[in-house]
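Participant: Got a sequence here, can you model it:
(one chain, ligands or ions: 1)
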Amino acid sequence: MSAETTTKPKSSYVLGRAEVRAVERVSPNFVRITFGGDEIAEFGTPGEVYDARIKLIFPPASGILPPLDRDTDDWWGSYLAVPEEERGSMRTYSIRELRVSDAGDTEVVIDFVLHLAPGLTGPASLWASSAEPGKELFLIGPRRGREDRGGIEYAPGGASSVLLAGDETAAPAIARILEDAPRNLRGHAFIEVPAAEDILAIGAPEGVEVHWLPRGEAQHGLRLIPTVLDYLGDDDTDEIVVTDIDGEDLVWETPAYSGLGEDVENAGASAERYFWIAGESGVVTTLRRHLVKDLGIDRSQVAFMGYWRRGVAMRG
Ligand SMILES: Cc1cc2nc3c(=O)[nH]c(=O)nc-3n(C[C@H](O)[C@H](O)[C@H](O)COP(=O)(O)OP(=O)(O)OC[C@H]3O[C@@H](n4cnc5c(N)ncnc54)[C@H](O)[C@@H]3O)c2cc1C
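Facilitator: This is a model prediction of the structure:
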């Protein structure tokens, strides 16, 4: 057999050790961390990254990263193959920025929300709060040059305007979408954040108005939901109750996929306006109910995505 026929094709994912290169506390509730390193040199395709989701594996209490098989497409199987106490924790994040130098050095920038209140924090937020240059985690995402969309949900099709809405966990994805979008895009972005100091710079197209909604002492979602509904002309916003949902699953209803098993036959239908909504699952579900049931917006125009769930630790 020749050497060529025995060469194993590279997996379509990069699962690699990523080293912290820089840590910047950009606001009271966001820390911006830059990762680099040889094992992520072929990570991601620069250009239109939009809301691409990636996975991070944080080390367990020992601080030692698990011994993962890194040369596989089955990154989930590779993670589960390690005994639970050595495995660490896997969580989902967005790419705030992907930088590839002419020499091929790759840097991935992630904005982490610091939710550190006792009982309301988790391994990802804790790790990010004490990260410093030289610390490592595993990063999982599409290998450069892959032809599919590799975890991108944002799909406005032929829509001439967009409405993007989300909380602080969706802020990095919204920022990336707006910075990657064509400069003639029109629309509005509504972003609820914990405090006014969490308002961060976004290089949005001129025709997109970015509305930051600091929540202060208000309940999560109770600045975002009425503002979006008011804007859409729903006059029934006096008694907004954030939906309390059972189970651990996150709502995930997009034009192309339905977690609830709804009909997605109209996927890709062209509409004037495209909606992209992400954040706490109950808040997203509440917005969904108002948009689809009260305002009659077609599900094929909207991506509704739960990014986290109040009171529930994610499992990957
Ligand atoms: C596609 C996608 C993209 C995402 N992108 C980002 C991103 O770029 N930046 C980012 O910070 N997050 C992002 N998230 C959300 C992030 O994955 C979750 O917040 C995750 O739960 C954090 O893990 P943890 O270990 O800190 O907390 P977990 O162990 O998962 O949860 C522990 C506790 O913390 C609570 N909790 C979790 N997140 C928050 C929060 N933000 N505020 C208050 N309480 C919380 C939970 O309800 C639970 O009670 C994204 C999620 C998805 C699905």
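
Participant: Show me what from the chain comes close to the ligand.
Facilitator: Proximity of the chain to the ligand (C-beta under 6 Å from any ligand atom) is limited to residues 53, 89, 91-94, 111-113, 115, 120-125, 169, 172, 307-314. C-betas here are computed from N, CA, C, even on glycine.

Participant: try 5 Å
Facilitator: With C-beta under 5 Å from any ligand atom as the criterion, the chain comes near the ligand at residues 53, 91-94, 112-113, 115, 120, 122-125, 169, 172, 307-308, 310-311, 313-314.

Participant: Can you list the low-confidence ranges for the stretch 1-150 of the chain?
Facilitator: Flagging of the stretch 1-150 of the chain using pLDDT under 70 yields the residue ranges 1-6.

Participant: again, only using 80
Facilitator: 1-9, 149 (pLDDT under 80).

Participant: Alpha carbons of the longest helix belonging to the chain, as PDB, please.
Facilitator: The single longest helix within the chain, with elements called by DSSP state H, is helix 171-180. Provided in PDB are the C-alpha atoms of helix 171-180 (Å, rounded to 0.1, in the frame of the first residue of the first chain):
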ATOM      1  CA  ALA A 171     -24.100  40.300  22.700                       C
ATOM      2  CA  PRO A 172     -20.800  38.800  21.300                       C
ATOM      3  CA  ALA A 173     -22.700  37.000  18.500                       C
ATOM      4  CA  ILE A 174     -24.800  40.100  17.600                       C
ATOM      5  CA  ALA A 175     -21.600  42.200  17.500                       C
ATOM      6  CA  ARG A 176     -19.900  39.600  15.200                       C
ATOM      7  CA  ILE A 177     -23.000  39.400  12.900                       C
ATOM      8  CA  LEU A 178     -23.100  43.200  12.600                       C
ATOM      9  CA  GLU A 179     -19.400  43.500  11.900                       C
ATOM     10  CA  ASP A 180     -19.500  40.700   9.300                       C
END
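
Participant: Pull out the buried residues from that helix.
Facilitator: Neighbour counts over helix 171-180 (16 or more other C-beta atoms under 10 Å) mark A171, P172, A173, I174, A175, R176, I177, L178, D180 as buried.

Participant: ditto for stretch 291-301
Facilitator: Using 16+ other C-beta under 10 Å as the burial criterion, the residues of stretch 291-301 that qualify are L291, V292, I297, R299, S300, Q301.

Participant: so how far is A313 from the residue nearest to the third one when sequence neighbours are not counted?
Facilitator: Looking back up the chat, that one is I297. Nearest in space to I297, with sequence neighbours left out and distances taken as C-beta to C-beta, 6 or more residues apart in numbering, is L291 at 4.6 Å. To A313, L291 is 29 Å away according to C-beta to C-beta, to the nearest Å.

Participant: contacting residues around the residue in the stretch 101-250 of the chain that the ligand sits nearest to?
Facilitator: Nearest residue of the stretch 101-250 of the chain to the ligand, counting by C-beta to the nearest ligand atom: G122, 2.1 Å away. Counting by C-beta atoms under 8 Å, 6 or more residues apart in numbering, G122 makes contact with S89, R91, H115, A313, M314.

Participant: rerun at 7 Å
Facilitator: For G122, the contacting residues are A313, by C-beta atoms under 7 Å, 6 or more residues apart in numbering.

Participant: Quick one: residues in contact with the longest helix of the chain.
Facilitator: Contacts with helix 171-180, where a contact means C-beta under 7 Å, 6+ apart, come from 48-51, 94-96, 111, 154, 164, 166, 189, 191, 193, 202-205, 208, 278.

Participant: just stretch 199-213 next, same as before
Facilitator: Here stretch 199-213 makes contact (C-beta under 7 Å, 6+ apart) with 26-27, 30, 175, 178-179, 181, 183-193, 223-224, 227.

Participant: what's the answer for stretch 279-298, then?
Facilitator: So stretch 279-298 is contacted by 165-167, 169-170, 220-221, 224-225, 228-229, 232, 234, 236, 242-245, 250-251, 253, 271, 275, 277-278, 299, 302, 304-310 (C-beta under 7 Å, 6+ apart).
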